[in-house]
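> quick one, fold the following:
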Amino acid sequence: MPSRLSMAIMTQMSTNQAFWPREELLPKRVINLYQMTAEMWEERITACYAEHRGRTRDEAEMEYLKIAQDLEMYGVNYFFIRNKKGTDLLLGVDALGLHIYDPENKLTPKISFPWNEIRNISYSDKEFAIKPLDKKADVFKFNSSKLRVNKLILQLCIGNHDLFMRRRRVDSLEVQQMKAQAREEKARKQMERQRLEREKHLREEAERARDELERRLIQLQDEAHMANEALLRSEETADLLAEKAQIAEEEAKLLAQKAAEAEQEIQRIKVTAIRSEEEKRLIEQKMLETEMLALKMAEESERRAKEADQLKQDLQEARESERRAKYKLLEITSKSPYSAASLSNSALPPDLSFSTENLSFDFKDTDMKRLSMEIEKEKVEYMEKSKHLQEQLNELKTEIESLKLKERETPLDILHNENTERGTSKQSNFKKLTLQSTKSRVAFFEEL
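Numbers count the residues shown, from 1 in each chain. Okay, here's the model as predicted:
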């Protein structure tokens, strides 16, 4: 499970495009083991991918292999065999040596024989014979189901032993030169990648600055538009108030004219007195009515005059508001970055483009303890370099562990969980199995 997650995280981090874990990275068996939807898997894997974005594909694959090599079944080829007693067993061949497993448990071997303890391997028909380097130990034999299986086992032993010996030889001058060239090329690529990262960062900064200027320009344009609308509304209000003031002034003049005519009518009636008392009473009554009407007209004229004064004052205030709006519009126009904020493509960084039947082994100073020390040393160095990655994987594993469906776990899943709880790793188990002598391990194999 951790190797699958690591593959999904690490092997995709060298690309900049969105991805979804394909079937070979996250099989249906793993998806069905957890109560997580495809969207939940994609969210978690994408978050991990984003943290490691920018690594090359070679670096990503190397990090994945460093994680996968600690898995119990990594690099092991299994074959069904039987010992002299006819017990069904599993033979595992890997880079460390030969391992004997119970058929029900492919994770933890019962005994192991590292390559530096084996002198000779041969087969005859279906029988396979292994001669240990320890002369006190007996040759132990086992049978396979088919002749071609023995050929395949021998070929795997030859290949793994060759790699085992190659790691312990002093590199030739040509290999040393190739390694030096590889280191120089790696350093050059690292510098080139850092340069591209700097240019990319500068370009992103420039794009952010351009976006900010464009946002500010749009904001100023909106403010200018709102100021123009306010100015138009002020002008319309001023025109309306001026029209109302003119109408009120004309009405006041008309009322004043009517009041004057009424006053003239009163004077004319007074001059032309009526002879009879009835006519005099009627005239007095009419005069009283006329006086009352004149008084009302005078009051109405005075009210209209006050209203006209008020409208004149409102007109003056509207014109003052219009003057302030024009001044604000002029101020906003003078601050607008139409000329200074124009961005040219030249200011940004340029686009980043981005069949033998017998095999004899002779060992001199190939000690398995040195092999274990080298492996442990490499592991410690790796753990120091990838501490953050390990913490991230552990955090992801802890997060999804609560969503696991226990009833869907396979026997191998259960065995792996038990080994993890006991703190048993592939290397510690191998070291523990090789503490006994070769003779005792051969005897143990014969008694299985």
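
> in stretch 293-304, which residues are buried?
Neighbour-count burial for stretch 293-304, counted by 16 or more other CB atoms under 10 Å, picks out 294, 297, 300-301, 304. In short, each C-beta sits where N, CA and C put it, glycine included.

> stretch 151-165 too?
Across stretch 151-165, burial judged by 16+ other CB under 10 Å covers 153-154, 156-157, 160-161, 164.

> among these, which are in helices?
Using DSSP state H, the members of those that fall within helices are 153-154, 156-157, 160-161, 164.

> what's the closest of those residues to Tyr123?
Leu154 (6.3 Å; CB to CB).

> wait, isn't Trp115 in contact with Phe164?
Yes: contact criterion CB atoms under 8 Å: Trp115 and Phe164 qualify, at 4.6 Å.

> mind listing the strands for the stretch 1-150 of the chain?
According to DSSP state E, counting those that start in this stretch, the stretch 1-150 of the chain carries its strands in the segments 77-82, 88-93, 97-101, 111-114, 118-124, 127-132, 140-144.

> okay, those strands in JSON lines with mean neighbour count and mean pLDDT next?
Below are these laid out as JSON lines (neighbours: other CB atoms under 10 Å; pLDDT from 0 to 100):
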{"stretch": "strand 77-82", "mean neighbour count": "16", "mean pLDDT": "90"}
{"stretch": "strand 88-93", "mean neighbour count": "18", "mean pLDDT": "91"}
{"stretch": "strand 97-101", "mean neighbour count": "22", "mean pLDDT": "91"}
{"stretch": "strand 111-114", "mean neighbour count": "21", "mean pLDDT": "88"}
{"stretch": "strand 118-124", "mean neighbour count": "18", "mean pLDDT": "85"}
{"stretch": "strand 127-132", "mean neighbour count": "18", "mean pLDDT": "86"}
{"stretch": "strand 140-144", "mean neighbour count": "20", "mean pLDDT": "85"}
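
> do you know which of those strands lies nearest Arg441?
Of those, nearest to Arg441 by CB to CB is strand 111-114, at 4.8 Å.

> ok, which stretches of the chain are helices?
Per DSSP H, the chain carries helices over the ranges 2-10, 28-33, 38-51, 57-68, 147-166, 173-271, 277-335, 368-385, 387-401, 411-422, 426-433, 438-447.

> who wins for proximity to Ile111 among those?
Nearest to Ile111, of all the helices of the chain, is helix 438-447, at 4.8 Å by CB to CB.

> pull the distance from the closest one to the chain's centre.
54 Å (CA atoms, centre = their mean, to the nearest Å).

> for it, packing partners?
Judged by 3 or more CB pairs under 8 Å, 6 or more residues apart in numbering; DSSP states H and E, helix 438-447 is in contact with strand 111-114, strand 127-132, strand 140-144.

> quick one, which of the ones you listed is nearest to Glu395?
With CB to CB as the measure, strand 111-114 is the member of the helices and strands packed on helix 438-447 nearest Glu395 (33.3 Å).

> export that closest one as PDB, just CAs?
Coordinates of each C-alpha in strand 111-114 appear next as PDB, following Å, rounded to 0.1, in the frame of the first residue of the first chain:
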ATOM      1  CA  ILE A 111      15.600 -19.100   6.700                       C
ATOM      2  CA  SER A 112      17.800 -17.100   4.400                       C
ATOM      3  CA  PHE A 113      21.200 -17.800   2.700                       C
ATOM      4  CA  PRO A 114      23.000 -14.600   1.500                       C
END
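
> quick one on the thing from earlier: make CSV out of the helices and strands packed on helix 438-447 and add distance to Gln194.
Formatted as CSV, these follow (distance: least, CB to CB, whole Å):
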stretch, distance to Gln194
strand 111-114, 42
strand 127-132, 52
strand 140-144, 54
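
> tell me which of these sits nearest to Lys328.
Smallest distance to Lys328 across the helices and strands packed on helix 438-447 (CB to CB): 87.1 Å, for strand 111-114.
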